[in-house]
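In: take this sequence and fold it.
(one chain, ligands or ions: 1)
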Amino acid sequence: MALLFTSTPARLPVWQSLFAAEGLPLIPGEEAVTDPAQVTAIACWVPPADLSRYPNLRAVISVGAGVDHLPPLPDGVALSRTLAPGIEAMVRDWVVMATLMLHRDMPRYLDQGRAGTWQSHPVALAGSRRVGILGMGRIGTLTAGSLQALGFDVAGLSRSGTDGAVPMFAASDMKRFLARSDVLICLLPLTPETRGILNAETLSALPRGACVVHAGRGAHLDTDALRAALDAGQISSVMLDVTNPEPLPSDHWMWLDPRVIVTPHVAAQTDATEGARHALSVMRALRDGTPVPGLVDRARGY
Ligand SMILES: O=CC(=O)O
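Out: All right, here's what the predicted structure looks like:
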């Protein structure tokens, strides 16, 4: 029983010491595999192309939170996404930062700053800003609490439509949810249902002059529709951590548009210790025959 590690090499020493402390073998890369039959699980961002090489493989562990980039896996191989409080907190931090930046007019002030222009604009109270979070999973719920603590008027939308602390809209109530979102935050997983969900129709259902914060996946957003909505004044500013494609080409219009701020998919990076601890919990579950932590429902897509 061994874990094959094919993730970021800089994280390897931490994984090695935590696995050694637990007495579980860790193979540090495909080139180090001597007996493929020993490999029980693979920790990776993208798994090796030929998984048939590993006859006893029982789980693939995605070292991130999203799993939309992973290919179908052979029957009997579970997919686990890393559950790590640090990933959730980091994305929450990025989204809170982006929401505050748009709320406090930073795209405009950064643009004015480049021209050396000292000019003020009206400042609104956080409480006057209605924030709508698309996707109320673990990260959405954490983010909602932080934004509420800052005074924003937060609501969420989710498939199940329930949450104690935040007013929730069901997916069937999307129009009403969008109509009350001065700042729309997208934290959805990418699934066939959510692909392209930020499009001309949904952007036009937001209040005029709304802002968009996007930390889901690039393919949620129709960038041509976004550009048209910005030009029409329907959307005033946007902050994105995800783009389609990634990396965003250096000549893409969004880099230079003063109404758009792009960061290169850095909202969260999995902490080495937390990632290794999650992988260890998966290995223990496989050994003990208990439920695999972070198990992904491939049909549902998350
Ligand atoms: O986007 C990053 C992740 O899925 O962890």
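In: what ranges does the stretch 151-300 of the chain have for its helices?
Out: In the stretch 151-300 of the chain, the helices defined using DSSP state H, counting those that start in this stretch lie at 174-179, 200-204, 223-231, 253-256, 272-288.
In: pick the most buried one from the ones you listed.
Out: Most buried of the helices of the stretch 151-300 of the chain, by mean neighbour count (mean count of other C-beta atoms under 10 Å): helix 272-288, with a mean of 20. To be clear about C-beta, it is placed using only N, CA and C from the backbone, and glycine gets the same treatment.
In: and the contacts of stretch 36-55?
Out: The set of residues external to stretch 36-55 that reach it, using C-beta atoms under 8 Å, 6 or more residues apart in numbering, is 1-7, 15, 25, 27, 30, 33, 56-64, 69-71, 73-74, 77, 275, 279, 282-283, 286.
In: tell me which residues touch the residue of the stretch 151-300 of the chain found nearest the ligand, please.
Out: Relative to the ligand, the nearest point of the stretch 151-300 of the chain is Ala268 (5.8 Å; C-beta to the nearest ligand atom). Ala268 makes contact with Gly64, Ala65, Gly86, Ile87, Glu88, Met90, Val91, Trp94 under the criterion C-beta under 8 Å, 6+ apart.
In: tell me where the chain has strands.
Out: Residue ranges of the strands in the chain, as given by DSSP state E, are 2-5, 26-27, 39-44, 59-62, 78-81, 130-134, 153-158, 168-170, 183-186, 210-214, 235-240, 260-262.
In: make CSV out of these and add mean pLDDT.
Out: Conversion of these to CSV gives the following (pLDDT from 0 to 100):
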stretch, mean pLDDT
strand 2-5, 98
strand 26-27, 98
strand 39-44, 98
strand 59-62, 98
strand 78-81, 97
strand 130-134, 98
strand 153-158, 96
strand 168-170, 93
strand 183-186, 98
strand 210-214, 98
strand 235-240, 98
strand 260-262, 98
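In: possible to save these as CSV with mean neighbour count and distance to Gly140?
Out: What follows is the strands of the chain, written out as CSV (neighbours: other C-beta atoms under 10 Å; distance: least, C-beta to C-beta, whole Å):
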stretch, mean neighbour count, distance to Gly140
strand 2-5, 24, 30
strand 26-27, 21, 33
strand 39-44, 23, 26
strand 59-62, 26, 19
strand 78-81, 21, 15
strand 130-134, 25, 5
strand 153-158, 22, 6
strand 168-170, 18, 10
strand 183-186, 26, 8
strand 210-214, 26, 12
strand 235-240, 24, 17
strand 260-262, 19, 21
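In: mind putting the ones you listed in a markdown table, distance to the ligand included?
Out: Below are those laid out as a markdown table (distance: least, C-beta to the nearest ligand atom, whole Å):
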| stretch | distance to the ligand |
| --- | --- |
| strand 2-5 | 17 |
| strand 26-27 | 21 |
| strand 39-44 | 12 |
| strand 59-62 | 7 |
| strand 78-81 | 8 |
| strand 130-134 | 16 |
| strand 153-158 | 18 |
| strand 168-170 | 24 |
| strand 183-186 | 13 |
| strand 210-214 | 12 |
| strand 235-240 | 13 |
| strand 260-262 | 15 |
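In: from Ala144, how far out is Ala165?
Out: 7 Å (C-beta to C-beta, to the nearest Å).
In: low pLDDT regions in the stretch 101-250 of the chain?
Out: 161-163 (pLDDT under 70).
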